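Visitor: need coordinates for the following:
(one chain, ligands or ions: 1)
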Amino acid sequence: MTNKFINNEQFNYVKSQIALINDSMKKNVPEKVLMAVIDLANSRISALFPNASMEQQNMLDISKLKSDKEYNQYIEGLATYLLPFPLVTEQQLKKMFPKQKKLKLPDLESIDYSKLTYLCWNDLRSNKKFIVYELNGKLVGIEGSLTPTSKKNLCTFCNCFTEVSYFSTITKAKKSKNPDYYKAIGNLICTDSTECNQQITNVEHLTAFLSEALAK
Ligand SMILES: [Zn+2]
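Guide: Okay, here's the model as predicted:
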């Protein structure tokens, strides 16, 4: 059995490092410069997996790869070690969003769970967006309103310059003496969450946002 150990965002990060190398190769940079780019990419990849076994370290090592073809084979090989997003049922999702009596659910069967950092879908009737993520070992969900923007901008989650929407959510924060108190937080994030999942290379901003939204 294959021991899966790579998260979607880590896989994207490795791919981004390989893209940097391919880019330098295409530009025909001097051999020394290319070597430095490869060295740096290799150490970044290795730093991403501090707990990797010897076998995993060998698999991740890119120092011996030479051609485009070898880099592609490397990526394809790593893809078989992708940890899928936890399987989630419609029942679980309904429990996560109890206030939504007519919760619109995503088509769970059409999702490629190996290419997901976070699960996300929209309800266009109500302009709502739902985000589900495994935070500290537990599946959590937040809902918020979605406002499209007309300009491209940086997505808070994946840090790519792309078509974004403003996602705003009411946090769980309460002030004991004021039952009417509520606090909203918002971020510009990719309009297309499939694209975001293909681009996200670390979960720092995603988890910070979710933690703030869910903090009581
Ligand atoms: Zn994004």
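Visitor: and stretch 126-142, what's buried?
Guide: By neighbour count on 16 or more other CB atoms under 10 Å, the buried set for stretch 126-142 is K128, K129, F130, I131, V132, Y133, E134, L135, L139, G141, I142. To be clear about C-beta, it is placed using only N, CA and C from the backbone, and glycine gets the same treatment.
Visitor: isn't the first one up against G141?
Guide: It refers to K128. No: contact criterion CB atoms under 8 Å: K128 and G141 do not qualify, at 11.8 Å.
Visitor: which positions in this structure make contact with the ion?
Guide: Residues of the chain lying near the ion by CB under 5 Å from the ion: C155, F157, C158, C190, C196.
Visitor: do that again at 6 Å, thanks
Guide: Contact residues, the chain versus the ion (CB under 6 Å from the ion): C155, F157, C158, C160, I189, C190, C196, Q199.
Visitor: these into CSV, with extra columns for neighbour count, secondary structure and distance to T147?
Guide: Converted to CSV, the residues of the chain next to the ion look like this (neighbours: other CB atoms under 10 Å; DSSP: H, G, I helix; E, B strand; the rest coil; distance: CB to CB, whole Å):
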residue, neighbour count, secondary structure, distance to T147
C155, 25, coil, 15
F157, 29, coil, 16
C158, 24, coil, 19
C160, 18, coil, 19
I189, 27, strand, 11
C190, 25, strand, 14
C196, 22, helix, 17
Q199, 20, helix, 21
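Visitor: great, nothing more from me.
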